[in-house]
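Engineer: A predicted structure for the sequence below; I have some questions about it.
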Amino acid sequence: MATQCRRSRTSFTEEQLKILVQAFSQNPYPGYTAKQRLAVEINAEESRIQIWFQNRRARHGFLKKPKKNVDPSKDHASPIEKIQDGTDRRCRTSFTSSQLQTLKNAFTENPYPGIDSREQLAEEIGVPESRVQIWFQNRRARLRVQRKRGLEEALYQRQNQGQDL
């Protein structure tokens, strides 16, 4: 069984931090493309940039991402702005059937793999480790929902059997 160790702490240089702090002051909620640009600029992984922004917002008391156009009656955004607003997300990751089978087998062995296991899986199936991590999170959530649904159905059947007598 692989060890359950965490990813080693990311240390940014003073110059990298200066760039990150400046970007944060301009926009504490950067989109995917902005994080990608920052990652290239400071030579770091986009997932590390994302975590840095999350931690920075947590330390500085940011609650939630501000809603744009809170009042629908005052929605003056043009259709072009709305379209561009949605393009800042990461593209949906599609897995092949062989990649999915590898992920499912790994999930059966261990639904909470450590960073070493995730990195090994990512290399094996040819996707970024961050996508493997998200797949495991989503799979665990799906499993919880399925279990809850199964319990509810079993309870419903028991209640109905009692009424049939």
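Structural biologist: Thanks, I have the structure now.

Engineer: Counting by contacts, list what the lengthiest helix in the chain packs against.
Structural biologist: In the chain, with assignment by DSSP state H, the single longest helix is helix 129-164. In this structure, helix 129-164 makes packing contacts with helix 46-59, helix 97-109, helix 115-125, judged by 3 or more Cβ pairs under 8 Å, 6 or more residues apart in numbering; DSSP states H and E. All C-beta atoms are positioned from the backbone trio N, CA, C, and that covers glycine.

Engineer: need the contact list for the closest residue to residue 124 other than its chain neighbours.
Structural biologist: Closest residue to residue 124 apart from its sequence neighbours, by Cβ to Cβ, 6 or more residues apart in numbering: residue 102 at 6.4 Å. Counting by Cβ atoms under 8 Å, 6 or more residues apart in numbering, residue 102 makes contact with 121, 124-125.

Engineer: out of those residues, which is most surrounded?
Structural biologist: residue 121 (23 neighbours; other Cβ atoms under 10 Å).

Engineer: Could you pull up the contacting residues of that one?
Structural biologist: Counting by Cβ under 8 Å, 6+ apart, residue 121 has contacts 102-103, 106, 113, 132.

Engineer: Farthest-apart pair in those residues, please.
Structural biologist: Greatest spacing in these, by Cβ to Cβ: 102 and 113 (12.2 Å).

Engineer: Have a look at this protein and report the helix or strand with the lowest mean pLDDT.
Structural biologist: helix 79-86 (a mean of 44; mean pLDDT, DSSP states H and E).

Engineer: Neighbours of residue 151, how many?
Structural biologist: 10.

Engineer: Show the model's pLDDT score for it.
Structural biologist: Looking at residue 151, its pLDDT is 84.

Engineer: Ok, residue 123 next?
Structural biologist: 94.

Engineer: for residue 88, same thing?
Structural biologist: For residue 88, the predicted pLDDT is 64.

Engineer: low-confidence ranges in the chain?
Structural biologist: 1-5, 62-88, 162-165 (pLDDT under 70).

Engineer: Tell me which residue lies nearest the centroid of it.
Structural biologist: By Cα atoms, centre = their mean, the chain has its centre lying nearest to residue 134, at 5.1 Å.
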